[in-house]
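In: just need the structure, nothing else, for what follows:
(one chain, ligands or ions: 1)
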Amino acid sequence: MKNKFVGIMYSATLLIVACASSRNAMAQKAVSLKDVFKNDFVIGTALNATQIEEKDPKAALLVPQQFNTATPENIMKAEVIHPQWGTYQFDLADKLIAYGKKNNIKINAHTLIWHSQLPQFVRNIQSVDSFKTFFKNHITTVAGRYSGKVFSWDVVNEALNEDGTMRQSIFLDKLGDNYVTEAFRLAQAASPNTELYYNDYNNEQPAKRAGCIALIKKIKQAGVRIDGVGIQGHWHAGKIPLKEIEESIIQYTALGIKVMITELDIEVLPRNVEGADVSQRMKEDPSMNPYKNGLPDSVQQQLASDYEALFKLFLKYPGKVTRVTFWGVDDGQSWLNNWPVKGRVNYPLLFNREFKPKPAFYKVIALKKIEQE
Ligand code: XIL
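Out: Reported below is the predicted structural model:
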């Protein structure tokens, strides 16, 4: 009898301990974007070299907790990975692959063909034949090395003007307007099992979108594979083009390809530059840096409701919007602290400079809680 009593007490104690420890585990397990949206789309971030090398302990903790896909912010661009004719620097990109493997993070490689961040030697190439050789070698070598190691490639970035015509770039100049199709053909040959995307900013806007659709159709008509289109998503607080984004999701997916938001951030500071052309710059001026001592609550709330509206829209199209990638982990990392004006204090992301979730994070997360109830 006594033994039975002791046994019951023991089991009850175990149960209490078990409950308590599972409560603790739950309390400790942070709410995570990638878990909350696991049935909807993957959640990505741009990673810089410091983060890839895990030199920042806070980022090293937060990234694998929140994100299941990542895009290199700069280290796979031509100026870094291919600095001289025939010379490649693969160290950081190789580290990114290892980082992704270790942390279960799929890599979207960025980017093979882009007019910006090109090494000087490319701009110096005079003959069309030499330029063709560079074009082929670059795509074949870089895409070939990471074949089977990256999930997807932004094959061509920003080939279009705002009116939907082809941008006047060194690629258009030297190779003519079939160069986009040729880039996809070469990428497909070098990396046959990798998803291949076209990526641009403002391609949710009607005129640019029409040009983008024509470009995608042209690639497909040539019998070349394109799997998706990236809408970068560099938008402005209080001015998110929700209607145009929704129309774009509908029209792009009608072509039989995936849509993703590839570089999401929301600008809260004043600027005259629309879009995300990295070559555009504005003068430094204190009036352009109004929140250097902190973000006013009204702007914080605006940012939160903008993010909420965006995610609500993405959730309307499950299976169509396949990925949402933020252009950075935390506000401190964002390129918008230095573009288009240098040295500003910006607040465009879901995590603040201390890597803590902002009100926008909780608004976005709450959308799923409401849905589940
Ligand atoms: C930006 C990076 O974030 C910066 O660090 C760099 O100085 C310039 O490029 N569109 C793109 C990205 O496709 O590659 C750009 O990234 C932002 C605009």
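In: stretch 302-316 - what's its average pLDDT?
Out: Averaging pLDDT along stretch 302-316 yields 98.
In: what's it in contact with?
Out: Contact with stretch 302-316 is made by 40-41, 235, 237-238, 240, 242, 245-246, 249, 261, 264, 266, 268, 295, 321, 324, 347-348, 350, 358-360, 362-364, 366-368, 371, as judged by C-beta atoms under 8 Å, 6 or more residues apart in numbering. Bear in mind the C-beta positions are built from the backbone N, C-alpha and C, glycine included.
In: identify each buried residue in that stretch, please.
Out: Gln302, Leu303, Ala304, Asp306, Tyr307, Glu308, Leu310, Phe311, Leu313, Phe314, Leu315 (16 or more other C-beta atoms under 10 Å).
In: now intersect those residues with the helices, please.
Out: Using DSSP state H, the subset of these located in helices is Gln302, Leu303, Ala304, Asp306, Tyr307, Glu308, Leu310, Phe311, Leu313, Phe314, Leu315.
In: circling back to that earlier point, can you select the buried ones among the contacts of stretch 302-316 for me in PyMOL?
Out: To isolate the buried members of the contacts of stretch 302-316 in PyMOL, using 16+ other C-beta under 10 Å:
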select buried, resi 40+41+235+237+240+245+249+261+264+266+268+295+321+324+347+348+350+358+359+360+363+364+367+368
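In: strands - which of the contacts of stretch 302-316 land there?
Out: Trp235, Ile261, Leu264, Ile266, Val321, Val324 (DSSP state E).
In: once you drop chain neighbours, what's closest to Pro206?
Out: Counting by C-beta to C-beta, 6 or more residues apart in numbering, Glu244 is the residue found nearest to Pro206 once chain neighbours are left out, at 6.8 Å.
In: picking that back up, show me the contacts of stretch 302-316 that map onto helices.
Out: Counting by DSSP H, the contacts of stretch 302-316 place 242, 245-246, 249, 359-360, 362-364, 366-368, 371 in helices.
In: I'd like these as TSV, with pLDDT appended.
Out: Compiled in TSV, the ones in helices among the contacts of stretch 302-316 are given as follows (pLDDT from 0 to 100):
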residue	pLDDT
Leu242	98
Ile245	98
Glu246	98
Ile249	98
Pro359	98
Ala360	98
Tyr362	98
Lys363	98
Val364	98
Ala366	97
Leu367	97
Lys368	95
Glu371	65
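In: next, the contact list for Lys77, please.
Out: Here Lys77 is in contact with His110, Thr111, Trp114, Ser116, Gln117 (C-beta under 8 Å, 6+ apart).
In: same deal with Asp177?
Out: Contact partners of Asp177, counting by C-beta under 8 Å, 6+ apart, are Met166.
In: in what helix or strand does it lie?
Out: Using DSSP states H and E, Asp177 maps to neither a helix nor a strand.
In: could you report the pLDDT at it?
Out: Looking at Asp177, its pLDDT is 96.
In: then Pro286?
Out: 87.
In: and the protein, which residues reach the ligand?
Out: Contacts of the chain with the ligand, taken as C-beta under 6 Å from any ligand atom, map to Glu73, Asn74, Asn157, Gln232, Glu263, Ala276, Val278, Trp335.
In: which of these has the weakest pLDDT?
Out: Within the residues of the chain next to the ligand, pLDDT is lowest for Ala276, at 87.
In: now do the SS call for that residue.
Out: Put simply, Ala276 is coil when judged by DSSP: H, G, I helix; E, B strand; the rest coil.
In: doesn't Tyr201 make contact with it?
Out: Yes. With contact defined as C-beta atoms under 8 Å, Ala276 reaches Tyr201; the gap is 4.1 Å.
In: stretch 50-66 spans what distance, first to last residue?
Out: Start-to-end span of stretch 50-66 (C-alpha to C-alpha, to the nearest Å) is 18 Å.
In: these two touch, right, Ile81 and Asp94?
Out: No. Using C-beta under 8 Å as the test, Ile81 is too far from Asp94 to be in contact (10.5 Å).
In: ok, those two, which is more surrounded?
Out: Ile81 (24 against 14; other C-beta atoms under 10 Å).
In: that older thread, of the buried residues of stretch 302-316, which is the nearest to the ligand?
Out: Relative to the ligand, the closest of those is Leu310; by C-beta to the nearest ligand atom it sits at 18.0 Å.
In: which parts of the stretch 101-250 of the chain are helices?
Out: All helices of the stretch 101-250 of the chain, identified by DSSP state H, counting those that start in this stretch, fall at 120-124, 128-145, 170-175, 179-190, 206-221, 242-253.
In: quick check: the spatially closest residue to Arg281 that is not a sequence neighbour vs His234, distance?
Out: Excluding the flanking residues, the one nearest Arg281 by C-beta to C-beta, 6+ apart is Pro340, at 5.4 Å. Using C-beta to C-beta, to the nearest Å, Pro340 is found at 11 Å from His234.
In: neighbours around the residue in the stretch 151-300 of the chain that the ligand sits nearest to, how many?
Out: The minimum distance from the stretch 151-300 of the chain to the ligand, using C-beta to the nearest ligand atom, falls at Ala276 (4.3 Å). If you count neighbours by other C-beta under 10 Å, Ala276 ends up with 22.
In: same question, Val345
Out: Neighbourhood size, Val345 [other C-beta under 10 Å]: 18.
In: just the element for it, please.
Out: Per DSSP H and E, there is no helix or strand for Val345.
In: need the contact list for it.
Out: With C-beta under 8 Å, 6+ apart, Val345 has these contacts: Asn289, Tyr291, Lys292, Asn337.
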